[in-house]
Structures are given as C-alpha cells and as structure tokens.
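Novice: could you work out the structure for the sequence below:
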Amino acid sequence: MSMLKLPPELLIQIGTHLECSDLNHLLECHSYLFKILNKPLYQRNVQEHDASALLWAASKGSESTLQYLIEAGANVQYESQYFACSIQSEGSRIRWPIQIEDMKEHPISYAAAQGHIKIVEYLLDLGADLNYRDRDGLTPLALAAREGHLTLTQKLISLGAKQLSHDTEGRYPLSQAASKGHHEIEDYLFDQLRQYTYSKPDPALDLYWMLKYAAEQGDDARIRYLLSRGADVNFQLPEESHPPLCGALRDAPRPFGTAKLLLDHGADPNGEASRSKSYSSGRRERSATTVFCALLRDESYSLIELLFQYGAIAIRHSQTLLIAINLEKPREFEYLVERGASLNAGYRRTTVAKSAMSSGCQPIIDICLKYGVSRDTK
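Specialist: Predicted coordinates for the structure are as follows:
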C-alpha cells in the first residue's frame, strides 16, 4: 500500500517518530506529504518538544525550516542564564541556582558556530540576544571567532557584540580565535579592542592569549611577530595560567626550537603555572614548572639541558624528581640531582628519596644509593 494512501492522522503519527533530517527529506519527496504533514508536525515540535528542531535548522542553515517553526509559534527571545560581561576580568558569573545541564540552548549559537550569517541576522531580527552565552559561556561572536568565520565576526562586531564576554574558562573571543590559529580574526579583534567603548582593555592581556596559543602551536613566525608588537614573554594570569614557555614545552610539535626562541627573548627558565582557583591557604600544591613540562616529552633530556643552559635552578625543581620517578626517566633524574635538586624534597607525606627507593626502577634506586640514600629508606 502506498504511503500516500494512508490517512493524514496516521501520517502525522509516523512523522512524529522521525529525526529532523529524516522528516525534512520526507516532506521534500512529495507535495501531498508536505501539505499534510508540514504545519501540524512543526506545531507539535514547538508544543511538545520546545521547538528542538530550531537547533537543527540553525546548524544546517535551513532558512525555510526556521521560518516554519517561527510561524508555528517558536520563541527565540529568551535570555541566557549567564551574564554577558563587558569588562576585562577573569572567570564568569552565573545566575544561581542553575544546573549547567539544564541550561537552554539557543539556535543562534549553532548558526554562529557554522557561520550561517543569514540565519544569525534572521534570529536577531526576531529579537534573539546578540550576546547569548551557551553552556560553555560562549557568545555568537566567540563561536564565530573560534570556528574561523571572519565575515560573521566582522558582522557581529558591527552590530555591537560584546568583545570581552568571557566563557567559563575566562577566555573571550580574541583568545578563542587564537586557540585555533585564526590569525586574521585575532588581529582584527585586537585592533577592534583598541577602539572598544565599554572599558579600556589591557593590550598586555590580549597579547598574552595570542602568544600563549602561538607557543603551544609551535608557530615561531607568529611568536616573533607578537614579540615585535610588545608581547611580554613572561606574562601570565594570577590563577590557572602558565607562561608561554611552559605551553611550548608541553604542547608544541617541535618544542626545542620554539622553547629556544622564547628563551632567547627573555623567557624565565624557572617559570611555573600559577595556582588553581581551588587553592586554599596552607595546602601544598605541586606546581607545573618548566622542567615538569619538559619531562613529559619524549625529548625531555635535551629540553632540560636547554633550560639549564639558560639559567634553570635545580633546587627550584626538586619536586619534579617525582615525575622523573613516575615516568622512569633515570637519565633526567640524575641530571637534576647532579645540579642540586634535593632528594629530601617532600610532597604529601613522602619525599623524593622514599618514592625513589620504593619505585621498583633499579637505575633510579642506584642513583639514590650513589648519593647516600640508605637502603632502609621506606
């Protein structure tokens, strides 16, 4: 029996069990099905599923589907539970009580991430919030910048999008573009921030984000360019941040050359990550130092040698001996001990010597014995 001969009620029931993309294909396959199913199914989606098809339409750039849903009563004029901050500060604020998983998503976020300018403009014409922040605190501007949509980024700026609205990790649109290596967008946003009307942004902070990600990506040409524009090679935030050198040592594809470039321009070989936001006074933290980051790489020995050539002080990296033990890197372990790293350095009721003697790594145990650690150390 042909589907076209089924009663409209049954066709509607069938349509309610289809995914958005499948339903769209069904409506396109025959004019009769479109006539029978189109309006009631969109109305049902709006009434029973809170217009969930809006997100699909915005993501796919389907203007017709979006329009049908709006005509069926879909609302896009709701606010985010996040404030859209306009000041250059860390973190983000949230209206409590609210659970992140309960936060309502907005189609403008999906359209911006995909670069659908017409969809974004249509939603804004309907009253959607230009600075709507999603579950991660990202605005349409931040999403467009992160995904490399320059034209949409420029359009949102021209409409007055807030450039200093942070995500939940304290990053704003410029740093989102920098994190993905979209240099044309980050340079554009940097220049726009110099003209920003809501506050007076600090260029040192903007340049930090750009240099941080360039170092992590191992983009030496970009690093030289940013340093020429005045980027501070040792700048970092007071909480949950690390200097560009740590980023290069930890993440750069070819860390030796990138690290040397930063060191040649004055990077501190003893730099370390700033404390976490959850830090409480009196609690001991194991800091992620430059040597710590170097130990995590396959070429760790040459990286550590490089750091000491530029003035690393072994005693300040004594706790990283614990990492060398855990990774079973006796060569690096002995190199640090020879230069003054302390075997008596403690962390959470243990010491380097105790951890080494109980590690089961015989080369490291032999090094400890060589430097006077007793076999009775437990």
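Novice: run a quick neighbour tally on the closest residue to residue 137 other than its chain neighbours.
Specialist: Of all residues not flanking residue 137 in the chain, residue 167 sits nearest, at 3.7 Å (CB to CB, 6 or more residues apart in numbering). (Glycine included, C-beta is placed from N, CA and C.) Other residues near residue 167 come to 23 when the count uses other CB atoms under 10 Å.
Novice: over to residue 184?
Specialist: For residue 184, using other CB under 10 Å, the count is 11.
Novice: and the pLDDT for it?
Specialist: Per-residue pLDDT puts residue 184 at 97.
Novice: quick check: the residue nearest to residue 137 touching residue 141?
Specialist: No: applying CB atoms under 8 Å, one finds residue 167 not in contact with residue 141, separated by 11.2 Å.
Novice: quick one on the thing from earlier: just the element for the residue nearest to residue 137, please.
Specialist: In this structure, residue 167 sits in neither a helix nor a strand according to DSSP states H and E.
Novice: next, find the distance separating it from residue 366.
Specialist: 49 Å (CB to CB, to the nearest Å).
Novice: cool, residue 267 as well?
Specialist: 34 Å.
Novice: go on, residue 373?
Specialist: 10 Å.
Novice: the two: who's more crowded?
Specialist: residue 373 (19 against 13).
Novice: where does the prediction get shaky in the stretch 51-200 of the chain?
Specialist: 83-102, 198, 200 (pLDDT under 70).
Novice: what segments of it are helices?
Specialist: Taking DSSP state H, counting those that start in this stretch as the criterion, the stretch 51-200 of the chain carries its helices at 53-60, 63-71, 107-114, 117-125, 140-146, 150-158, 173-179, 183-193.
Novice: return the most buried member of those.
Specialist: Most buried of the helices of the stretch 51-200 of the chain, by mean neighbour count (mean count of other CB atoms under 10 Å): helix 140-146, with a mean of 29.
Novice: counting by contacts, list what that one packs against.
Specialist: Contact here means 3 or more CB pairs under 8 Å, 6 or more residues apart in numbering; DSSP states H and E; on that basis helix 140-146 packs against helix 107-114, helix 150-158, helix 173-179, helix 183-193.
Novice: wait, residue 79 touches residue 129, no?
Specialist: Yes: look at residue 79 against residue 129 with CB under 8 Å: they come within range, at 6.1 Å.
Novice: and the gap between residue 154 and residue 306?
Specialist: From residue 154 to residue 306 the distance is 41 Å (CB to CB).
Novice: one more: residue 296?
Specialist: 15 Å.
Novice: between these two, which has more neighbouring residues?
Specialist: residue 306 (20 against 15).
Novice: check contacts around the more buried one.
Specialist: Residues counted as contacts of residue 306 (CB atoms under 8 Å, 6 or more residues apart in numbering) are 256, 259, 260, 263.
Novice: one more: residue 112?
Specialist: Here residue 112 is in contact with 120, 140, 141, 143, 144, 149, 152, 156 (CB under 8 Å, 6+ apart).
Novice: tell me how far it lies from residue 246.
Specialist: If you go by CB to CB, the gap between residue 112 and residue 246 works out to 32 Å.
Novice: which one is residue 214 nearest to, not counting chain neighbours?
Specialist: In space, residue 214 is closest to residue 222, 4.1 Å off (CB to CB, 6+ apart).
Novice: do the same with residue 332
Specialist: residue 324 (5.0 Å).
Novice: in terms of helices and strands, where is the one you found?
Specialist: With DSSP H and E as the test, residue 324 turns up in helix 321-326.
Novice: now do the buried residues in that helix.
Specialist: 321, 322, 323, 324, 325 (16 or more other CB atoms under 10 Å).
Novice: what does the average pLDDT come to for that helix?
Specialist: Mean pLDDT, helix 321-326: 93.
Novice: one more: stretch 363-375?
Specialist: The model assigns stretch 363-375 a mean pLDDT of 88.
Novice: again with stretch 271-278
Specialist: For stretch 271-278, the per-residue pLDDT averages 74.
Novice: and stretch 144-152, end to end?
Specialist: Criterion CA to CA, to the nearest Å; first-to-last residue distance in stretch 144-152 is 6 Å.
Novice: right, I mislabeled it, should have said stretch 103-119
Specialist: Termini of stretch 103-119 sit 22 Å apart (CA to CA).
Novice: check contacts around residue 320.
Specialist: By CB under 8 Å, 6+ apart, the contact set of residue 320 is 289, 291, 292, 295, 336, 341.
Novice: again with residue 186
Specialist: Here residue 186 is in contact with 145, 174, 177, 178, 210 (CB under 8 Å, 6+ apart).
Novice: so what's it closest to, chain neighbours aside?
Specialist: residue 177 (4.2 Å).
Novice: what is the nearest of the buried residues of helix 321-326 to residue 348?
Specialist: residue 322 (9.8 Å; CB to CB).
Novice: my guess is the closest one meets residue 347, correct?
Specialist: Yes: contact criterion CB under 8 Å: residue 322 and residue 347 qualify, at 6.3 Å.
Novice: tell me the contacts of the residue nearest to residue 186?
Specialist: 145, 146, 148, 153, 185, 186, 189.
Novice: any chance of those in JSON lines with distance to residue 62 as columns?
Specialist: Shown next, in JSON lines, are the contacts of residue 177 (distance: CB to CB, whole Å):
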{"residue": "145", "distance to residue 62": "24"}
{"residue": "146", "distance to residue 62": "23"}
{"residue": "148", "distance to residue 62": "22"}
{"residue": "153", "distance to residue 62": "22"}
{"residue": "185", "distance to residue 62": "26"}
{"residue": "186", "distance to residue 62": "31"}
{"residue": "189", "distance to residue 62": "29"}
